[in-house]
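**Student:** below is the sequence, then the predicted model.
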Amino acid sequence: MPEPTTLLADRIAIDEQLTRYCRAIDTGDWDLLDTIFTPDAVVDYASSGGRRGPYPEIKAWLASVLPSFAVRQHFVTNREITVEGDTATSRASLYNPMGVRRSDGGLELFFTGATYHDRWRRTAGGWRIVERVLEEHWRDARGR
């Protein structure tokens, strides 16, 4: 069993990566995603109408689709992280308001609630996601 301080440091590092992912997506810093996923990661956003595939393809897809949303804000909470040596799993709740600009300048908003199910690997560069599965639970598309 790892030392409590090592386990705590690993959990904090993974928690920071979950937050960094939100910043990358919400600001459009697509290259920041390279510090969060392994090159061979598999990412599955199919439950929300997105795609499933190898990380490089999903990164390109995100960079092509998400800029059409004028508002993107991800809140990742209720993080459960289990570390076992150089691998880990996490389960985190997602609340995600997004919006597109209307022709009158206003916003057409929608909201989703989901869970991220992630598998992690410790690498020379730190903790990285090797598999992400998004499980969308609900969507409220007011005005759409």
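**Tutor:** Great, that's in hand. Residues are numbered from 1 along each chain as shown.

**Student:** next up, the contacts around the closest residue to Asp140 other than its chain neighbours.
**Tutor:** Sequence neighbours aside, Phe111 is the residue nearest to Asp140 in space, at 4.6 Å (criterion: CB to CB, 6 or more residues apart in numbering). Yep, even glycine has a C-beta here, placed from its N, CA and C like the rest. Residues counted as contacts of Phe111 (CB atoms under 8 Å, 6 or more residues apart in numbering) are Tyr95, Asn96, Pro97, Met98, Arg139, Asp140, Arg142.

**Student:** wait, doesn't the last one sit right on Gly99?
**Tutor:** No: the pair formed by Arg142 and Gly99 falls short of the contact definition of CB atoms under 8 Å, at 10.3 Å.

**Student:** wasn't Arg142 part of a strand?
**Tutor:** No: counting by DSSP: H, G, I helix; E, B strand; the rest coil, Arg142 is not found in a strand; it is coil.

**Student:** what's the spacing between it and Phe111?
**Tutor:** 8 Å (CB to CB, to the nearest Å).

**Student:** over to Arg101?
**Tutor:** For Arg101, the distance to Phe111 (CB to CB) stands at 17 Å.

**Student:** can you map out the helices along the chain?
**Tutor:** 4-27, 55-65 (DSSP state H).

**Student:** tell me what the last one is packed against?
**Tutor:** Read that as helix 55-65. strand 37-44 (3 or more CB pairs under 8 Å, 6 or more residues apart in numbering; DSSP states H and E).

**Student:** what's the burial count for the residue lying closest to Ser93 once chain neighbours are set aside?
**Tutor:** Residue nearest to Ser93 in three dimensions, not counting chain neighbours: Asn78, with 4.2 Å by CB to CB, 6+ apart. By other CB atoms under 10 Å, 10 other residues sit near Asn78.
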